[in-house]
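*Asks:* the following comprises the amino acid sequence and a computationally predicted model.
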Amino acid sequence: MSNQQTELELRTRPVGPWPMNTYILVCPATRQSVLIDPGAEPETLLAMLADTQPIGMLLTHSHPDHLGSLNELRSSLMVPVMAHAGPHFENVNLDLDRTLDDGDQVRVGEHAIYVYHTPGHIPDMLCFALEDDQRIVVGDTIFEGGPGKTWSAEGFQTTLKTLREVVLAWPDETVCYPGHGPHFRLGDRRADIEAFLNKDHGNFFGDATWDM
Ligand SMILES: [Zn+2]
Ligand SMILES: [Zn+2]
C-alpha cells in the first residue's frame, strides 16, 4: 500500500570498466540520500547526488569493483560508511563508521532500509531492502541468470543456504536490483531457483547458472 509520491526514489547507473551498478536512494520529502556501492567514476556519482543531501554510503560487500570510488567520495561527502564487519576481501581496509548485520536498519529521511546478511559469494555480503516496498538491492547475492560466483565448495554451499533461507523467503513481487546486469522480479525466477536447489551439485563452485 505504498504511495507512489512518497516512495524512496531509486537512481542507478553502471560505472567502471567491468560495469557495476551503483544505486542511490533518495527520500522525496527530505532529499536525504544514501549511496550504495561507489564502484568507480566519482564525478558521475557526485553529479547523481547533486540535488540531494547525502547522509551515508552503504557497501553490499567488500569486492574492489564495488568500492573503487569509496575514498574519493568519503573525502568529498564526509558521510559515514556502513558495511558488514567482515572479514573483508583480502587486503581491503574499509575503516567503517558503522557495521551492519542482519536485522539492522538505516534511516533515510522518512524511510528505512532493512539489512539482510546473505553470505556465499563472500562472507560479508549484505542486501538492502526498502521499507514497505518491493525493492531490494541485492549486490552480488543473486542475478537474473544465477547466484553470485563462488571460489570454494564451502562458499557455494553457503550460497545454497542463503538462497533457501533468505532469498526464497522474500515475496514473488520482490524486485531484485543486483550489482551487475538488469533488475528482475523474484517471482519470475522462483521456479528456476527451486529447480537449481533441488539438484545435487556435488563439490561445485564457480560461476553458476540456474539451468545447470
Ligand atoms: Zn562481488
Ligand atoms: Zn560485483
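*Replies:* Received the coordinates, thanks. Residues are numbered from 1 along each chain as shown. Ligands and ions are numbered 1, 2, ... in the order given.
*Asks:* please identify the helix or strand for the residue nearest to residue 210 when sequence neighbours are not counted.
*Replies:* Computed as CB to CB, 6 or more residues apart in numbering, the closest residue to residue 210 that is not its neighbour in sequence is residue 192, at 3.8 Å. No exception for glycine: its C-beta is placed from N, CA and C like everyone else's. Secondary structure assignment for residue 192, by DSSP states H and E: helix 190-197.
*Asks:* which residues touch that helix?
*Replies:* 142, 146, 160, 163, 164, 167, 168, 172, 208, 210, 211, 212 (CB atoms under 8 Å, 6 or more residues apart in numbering).
*Asks:* just stretch 40-54 next, same as before
*Replies:* Residues outside stretch 40-54 that contact it (CB under 8 Å, 6+ apart) are 11, 13, 15-17, 20, 22, 24, 26, 30-35, 38, 65, 68-69, 72-73, 76-77, 79.
*Asks:* buried ones in the helix holding residue 192?
*Replies:* 190, 193, 196 (16 or more other CB atoms under 10 Å).
*Asks:* identify the bridge partners of residue 36.
*Replies:* residue 23, residue 58 (DSSP bridges).
*Asks:* ok so, going back, just the buried subset of the contacts of stretch 40-54, please.
*Replies:* If we count by 16+ other CB under 10 Å, these have these buried: 15-16, 20, 22, 24, 26, 32-35, 38, 65, 68-69, 72-73, 77, 79.
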